[in-house]
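S.K.: Need a 3D model of the sequence below.
(one chain, ligands or ions: 1)
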Amino acid sequence: MKYDFDKVIERRGTDSTKWDYMPGIPRNNDVLPMWVADMDFICPQPVIEALKEKIKHGIYGYSSRSSSYFESITGWLKRRHNCEIKEEWLTHSPGVLPAIFVAIMTFTNPGDKVILQPPVYPPFHSVVEGNGRKLVYNQLKEQNGLYVMDYLDLERKIDNQVKMIIFCSPHNPGGRVWNEDELLRLGEICLKHKILIISDEIHCDLLFKGYNHIPIASLSEELAQNTITCISASKTFNMGGLTTSANIIPNQQKRELFNKTLESMELDTGNLLGMAGLEAAFRYGDEWLDELLEYLEGNLNYLVKFLKERIPQIKPMIPQGTYLVWLDCRELKLTPPELMSFMINKAKVRLSGGKTFGPGGEEFLRLNLACPRSTLEEGLKRIEEAIISA
Ligand SMILES: Cc1ncc(COP(=O)(O)O)c(C=O)c1O
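M.R.: Next up, the predicted model:
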C-alpha cells in the first residue's frame, strides 16, 4: 500500500469534536473515542497541497466557484458512480445538514410532515422537529441481519400532510447500500403521493467489495425531477471541518427555490479552503480512496472476527457501505443509559448511543471503524475486558 493507514496520529488537543469534546466527559480523559463519523486518517496529499497553496497566499477573501471546481464534481460522479449530471444542476451549501435544513425551509411549511426511516442519523430528527415540522417514522425492519424498508408501513403512514422524506443512502447507521429494486419501490411510492425525496448520499463513496451505490435520482427522469441529492467530499476524504457540500437538483424550479432560500440566509458563500479541498479530493483522490476502502474492509473483518470469537454477546450488523458498524447489544440486557455508562465508565470507550437514532436503536451502539487497526484492537479489547469483569 502506498498510504499508511496504520499510522496513529495524535488528535487530542486539536479541538477535534471526536477526541476533545466528548459530551459529559472532561477534556483530558482516558476514554477512547469511536463515535463521531470522522476518520483518524490524514487526508490525501493533493488535498493538503491544495490547502497549503491557499494558505500560503495569505489573503482569504470571499471566493467563488470556478468551472474547474464544477468539473471536479461531475467528473467524480461519472468516474466513481457512472452518473452523468449537468453542471447547472449543482447547488452548494456549507454541509449536508445545512442543505437538508434549506430544503425543509423551502419545500415544507410549519406543521407539515416529514418522513424518516429510523434508526437513522440523529440530526435528521432535530432538523425536522427543531424547525416546527412533524416527524413521521417509517421504521426499518430487520431481515436476515440487515435493515430493509417497510413499504406497507410507509403507505399506511402517508396522508396529505406528508411533504418530504429524508432518505439516507447508503444508510447510517445500518450500512445498507440500497439496491435498485428497493430504490424503485420507494421512489414509486414517493412519486404516487407527491413526496419530495431528499436523498442524503454523503456516504456514497464508502462501499465494501461487491456493492455499488445507485443514486435514486438516476433511476428515471421522474425521480430526477423529484429528488434533491446531497453529496460531499467530507466523509470520503475526512474533511468535515471544511464545511463544504454540493446538492444536485435537476428540476429548475426546485433549484431556483432552493437557491433563493440559500441566498436569503447568506449560506451560498463558498468556504475558500473547503472548495480547494473538495476539488483536489475529487480530482486526485481515487487511488487514496481505493486503498482506504481496502483498509476499512480489513478493519471490518477484524472486528467481525473479534466479536464472534471474544465478545459474542455483541452482534454486528454487517455494513455494505459507510465506515460505521451498528452493534446489537440486546444480549447485554442494559437500558440505553446503562449501556452508555458501561462503555464510558467501565470499558473507557465512547461509542454513539443507539437511542439517539430513534425507534429501534435503543439497544444498539454505533462504532466508527475509520481508525488505525491498533486503535480498533485497543477499543475492542477494552470492551472485552469490561464485559469479562462485569
Ligand atoms: C448521513 C449523514 N448526513 C450528514 C452528515 C453530516 O454532514 P455535514 O457535516 O456535511 O453537514 C453525516 C455525518 O456524519 C451523516 O452521517
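
S.K.: tally of neighbours for residue 214?
M.R.: When neighbours are counted by other CB atoms under 10 Å, residue 214 registers 21. In this view, the C-beta of every residue, glycine as well, is placed from N, C-alpha and C.

S.K.: Would you mind naming what in this structure lies close to the ligand?
M.R.: 37, 95-97, 121, 168, 172, 200, 202, 232, 234, 240, 245 (CB under 6 Å from any ligand atom).

S.K.: With pLDDT and secondary structure as extra columns, can I get these in TSV?
M.R.: Formatted as TSV, the residues of the chain next to the ligand follow (pLDDT from 0 to 100; DSSP: H, G, I helix; E, B strand; the rest coil):
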residue	pLDDT	secondary structure
37	97	coil
95	97	coil
96	98	helix
97	97	helix
121	98	coil
168	98	strand
172	98	coil
200	98	strand
202	98	coil
232	98	coil
234	97	helix
240	97	helix
245	97	strand
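
S.K.: Output the residues you listed as CSV; include the columns neighbour count.
M.R.: Below are the residues of the chain next to the ligand laid out as CSV (neighbours: other CB atoms under 10 Å):
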residue, neighbour count
37, 22
95, 20
96, 23
97, 19
121, 27
168, 24
172, 27
200, 25
202, 26
232, 28
234, 23
240, 21
245, 23
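
S.K.: Find the nearest non-adjacent residue to residue 29, please.
M.R.: Using CB to CB, 6 or more residues apart in numbering and skipping the chain neighbours, the partner closest in space to residue 29 is residue 22 (7.2 Å).

S.K.: In a strand, residue 142, correct?
M.R.: Yes. Counting by DSSP: H, G, I helix; E, B strand; the rest coil, residue 142 is located in a strand.

S.K.: Now for the residue in the stretch 51-200 of the chain positioned nearest to the ligand: which residues touch it?
M.R.: Using CB to the nearest ligand atom, the closest approach of the stretch 51-200 of the chain to the ligand is made by residue 95 at 3.0 Å. Residue 95 sits next to 232, 234, 243, 244, 245 when contact means CB atoms under 8 Å, 6 or more residues apart in numbering.

S.K.: ok, the fourth one - how many residues close by?
M.R.: Close neighbours of residue 244, defined as other CB under 10 Å, add up to 25.

S.K.: Skip the chain neighbours and tell me the closest residue to it.
M.R.: Per CB to CB, 6+ apart, closest to residue 244 is residue 274, 2.9 Å.

S.K.: quick one: average pLDDT of the one helix or strand that neighbour maps to?
M.R.: Residue 274 belongs to helix 272-284 when assigned by DSSP states H and E. On average, the pLDDT along helix 272-284 is 98.

S.K.: and what of stretch 361-368?
M.R.: For stretch 361-368, the mean pLDDT works out to 98.

S.K.: neighbouring contacts of it?
M.R.: Applying CB under 8 Å, 6+ apart, the contact partners of stretch 361-368 are 34-39, 118-119, 173, 303, 323-330, 332, 334, 336, 339, 343, 351-355, 357, 379.

S.K.: Please pick the buried ones from the residues you listed.
M.R.: With burial judged by 16 or more other CB atoms under 10 Å, the buried subset of these is 34-39, 118-119, 173, 303, 323-329, 332, 334, 336, 339, 343, 351-355, 357, 379.

S.K.: now the helices for this protein?
M.R.: Applying DSSP state H to the chain gives helices spanning 17-20, 45-57, 67-81, 96-107, 122-129, 151-157, 180-192, 221-225, 234-237, 252-264, 272-284, 286-310, 336-341, 373-388.

S.K.: In JSON lines: those, plus distance to residue 213.
M.R.: Formatted as JSON lines, the helices of the chain follow (distance: least, CB to CB, whole Å):
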{"stretch": "helix 17-20", "distance to residue 213": "25"}
{"stretch": "helix 45-57", "distance to residue 213": "22"}
{"stretch": "helix 67-81", "distance to residue 213": "6"}
{"stretch": "helix 96-107", "distance to residue 213": "15"}
{"stretch": "helix 122-129", "distance to residue 213": "19"}
{"stretch": "helix 151-157", "distance to residue 213": "21"}
{"stretch": "helix 180-192", "distance to residue 213": "10"}
{"stretch": "helix 221-225", "distance to residue 213": "15"}
{"stretch": "helix 234-237", "distance to residue 213": "11"}
{"stretch": "helix 252-264", "distance to residue 213": "23"}
{"stretch": "helix 272-284", "distance to residue 213": "15"}
{"stretch": "helix 286-310", "distance to residue 213": "12"}
{"stretch": "helix 336-341", "distance to residue 213": "31"}
{"stretch": "helix 373-388", "distance to residue 213": "24"}
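
S.K.: quick revisit: in contact with the residue nearest to residue 244, which residues are there?
M.R.: Counting by CB under 8 Å, 6+ apart, residue 274 touches 94, 239, 242, 243, 244.

S.K.: Now with 7 Å, please.
M.R.: By CB atoms under 7 Å, 6 or more residues apart in numbering, the contact set of residue 274 is 242, 243, 244.

S.K.: Name the nearest of those residues relative to the ligand.
M.R.: Nearest to the ligand out of these is residue 243 (CB to the nearest ligand atom; 7.0 Å).
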